[in-house]
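[1] Next input, structure requested:
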Amino acid sequence: MPYSIMLDAGHGGADPGAVYLDRKEKDDTLNLVLALGEILQNNGIDVEYTRTTDVYETPFQKAMEANEAGVDFFVSIHRNSSPMPNQYSGVESLVYSLDGVKLEMAENINAQLETVGFVNLGVEARPNLVVLKRTKMPAVLVEVGFINSDADNQLFDENFEDIAEAIARGILETLNMSSGGGEIGEYGVQVGSFRNERYAQRLLRELREEGFQAYMERYGEYHRVRVGEDLTMEEAVDLERRLKRLGYPTVIVN
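    Coordinates of the predicted model:
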């Protein structure tokens, strides 16, 4: 079963996003998402979109669309902006927390965009962003340069196809697909994390009764309940799908 990704072009409709001179963030993000989606589809990914035209949906609506579609990953494309023109430049990716496959994907995307010529500003945790907080799957928000940076805009315009290819490479690299897959597995699926060991033991028994090879790890004051060890990304995604269908909250970990 192929991986599935919901691509989100930031802003839209009556919400232009950041604006610089005659340039609107909503237009740049939509153009880039459509180009990115075509590349991913050509590489065997099932792609869905929050929008393909100039319409507006709230961040919460976008998160709910991704959840209802049951996609494996959510990638939102934006342009950054600074208080003063040409104050900053570079790419930055945002995730709910600095762990798991979402962090790996964000780092890979940034690294690939760096090869195009962008300054790599790194990855930041932003747990209060709705599209990162409300989505049930690993989610990454990519700020593809500053819209009020002349240097970033020139890079964006002159290397548009390369930028779309770079983001796609970062995603495919994370999914172990850029070289055809088959890499050594290092993933698992976390189903719960508890301070109270009794709750962790209860979930552990329940998962084993369901036929899963579940185990518990101690991490500081937390007891983490996980399923699967040394899985490939594809195996971890398949396992996560099974657990989600049974109603368990999950996160892919490595």
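
[2] going forward, measure contacts between C-alpha atoms and count neighbours the same way
    Noted.

[3] So residue 229 versus residue 235, what's the distance?
    According to Cα to Cα, to the nearest Å, residue 229 stands 10 Å off from residue 235.

[4] Over to residue 220?
    Counting by Cα to Cα, the separation of residue 220 from residue 235 is 28 Å.

[5] Give me the more crowded residue out of the two.
    Ranked by neighbour count (other Cα atoms under 10 Å), residue 220 and residue 235 place residue 235 first, with 16 against 7.

[6] Which strand or helix spans the more buried one?
    Assigned by DSSP states H and E, residue 235 belongs to helix 233-245.

[7] contacting residues around that helix?
    If you take Cα atoms under 8 Å, 6 or more residues apart in numbering as the criterion, helix 233-245 is touched by 3, 72, 174-176, 185-189, 228, 249-252.

[8] could you list every residue that touches residue 201?
    residue 216.

[9] quick one: average pLDDT of the helix or strand encompassing it?
    In the assignment (DSSP H and E), residue 201 maps to helix 197-209. Helix 197-209 shows an average pLDDT of 93 in the prediction.

[10] so after that helix, what's the next helix or strand?
    Going down the chain from helix 197-209, the next helix or strand is strand 214-219, by DSSP H and E.

[11] For that next one, list the C-alpha coordinates in CSV.
    The C-alpha coordinates for strand 214-219 follow below in CSV (Å, rounded to 0.1, in the frame of the first residue of the first chain):
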residue,chain,number,x,y,z
ALA,A,214,3.9,-4.7,22.6
TYR,A,215,6.5,-3.7,25.2
MET,A,216,7.2,-1.0,27.7
GLU,A,217,10.2,1.2,28.2
ARG,A,218,11.1,3.5,31.1
TYR,A,219,12.1,7.0,30.1
